[in-house]
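# output the structure for:
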Amino acid sequence: MSVQKHIELGKSLHPRLIQFFKRYPPPALFSTPPTAPQTPATANPPTPIEANAPPAVEPIATENGDSVAELGYHNPFQPRKNHRTGKWLGPVYGLRKQAELVKLAEKYGVVDLLPYTVKKPEEKEKRRIEGGLRVRGTGVGMKVKGKIWERTLNARLEQRRRAMEYMPVLIERWKATGHGRGWNQWPSGRKGKK
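Alright, predicted model coming up:
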């Protein structure tokens, strides 16, 4: 893409996207990735305590591989840890604002220029495939509880199937005993009609 096309695309974007890309320029637009701002060297050499001190913020790679060195800045959509104080700093943009920026970027076709976020469509689709439906019992190897008639249906159908297999013997016994007169269907002690 030529520089002129980039300029035209930039002019047609929503002001919120323009402001975001000014603050966090996408590395895809540069032939060489921007470097993190360096502090100028001082005339005094650092003391041994300063030389061994950990950096203020460690460059941590994100899930898709973007790091501070590649982006030139920390991903504004993810929290980061200040290693000097040991405290976590929240993301610059919360989940709601991330979703709004992603929707705007989708509308203008520049969603690929945004840094990694869980609100990107491909990330949402990946999570939906991994998690399945959010209904209890629909995951792999799970069962839905169901109503009592649904839970006992297989046992009742099996009982009916066995009764149908035994039906010819039952009919012969019924005919042999005088069509039900004095016939006790249940030999375990239940009494028939008299």
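# give me the contact list for stretch 11-23.
10, 76, 100, 101, 104, 105, 107, 108, 110, 113 (C-beta atoms under 8 Å, 6 or more residues apart in numbering). Any C-beta I mention is one placed from the backbone N, CA and C, and that applies to glycine too.
# can you say which of these are buried?
Among the contacts of stretch 11-23, those buried by neighbour count (16 or more other C-beta atoms under 10 Å) are 76, 101, 104, 105, 110, 113.
# of those residues, which pair is most distant in space?
76 and 110 (15.8 Å; C-beta to C-beta).
# check contacts around residue 100.
residue 16.
# need phi/psi at it.
Backbone torsions of residue 100, given as degrees, to the nearest 10, read phi -70, psi -40.
# quick one: pLDDT of residue 168?
Per-residue confidence at residue 168 stands at 93 (pLDDT).
# lowest average confidence across helices and strands of the protein, where is it?
When the helices and strands of the chain are scored by mean pLDDT, DSSP states H and E, helix 48-52 comes last with a mean of 46.
# can you dump the C-alpha coordinates of the lengthiest helix in the chain into CSV?
Ordering each helix of the chain by length in residues (DSSP state H) puts helix 153-176 first. Extracted as CSV, the C-alpha positions of helix 153-176 are listed here (Å, rounded to 0.1, in the frame of the first residue of the first chain):
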residue,chain,number,x,y,z
LEU,A,153,-37.3,-43.3,30.1
ASN,A,154,-34.6,-45.9,29.2
ALA,A,155,-35.5,-48.1,32.1
ARG,A,156,-39.2,-48.0,31.3
LEU,A,157,-38.6,-48.8,27.7
GLU,A,158,-36.4,-51.7,28.6
GLN,A,159,-39.1,-53.0,31.0
ARG,A,160,-41.7,-52.7,28.2
ARG,A,161,-39.4,-54.6,25.8
ARG,A,162,-38.9,-57.5,28.2
ALA,A,163,-42.7,-57.6,28.8
MET,A,164,-43.4,-57.8,25.1
GLU,A,165,-40.8,-60.7,24.7
TYR,A,166,-42.5,-62.5,27.5
MET,A,167,-46.1,-61.8,26.2
PRO,A,168,-46.6,-65.1,24.3
VAL,A,169,-45.8,-67.2,27.4
LEU,A,170,-48.1,-65.0,29.5
ILE,A,171,-51.0,-65.4,26.9
GLU,A,172,-50.6,-69.2,26.9
ARG,A,173,-50.7,-69.3,30.8
TRP,A,174,-53.8,-67.1,30.8
LYS,A,175,-55.6,-69.4,28.3
ALA,A,176,-54.5,-72.5,30.1
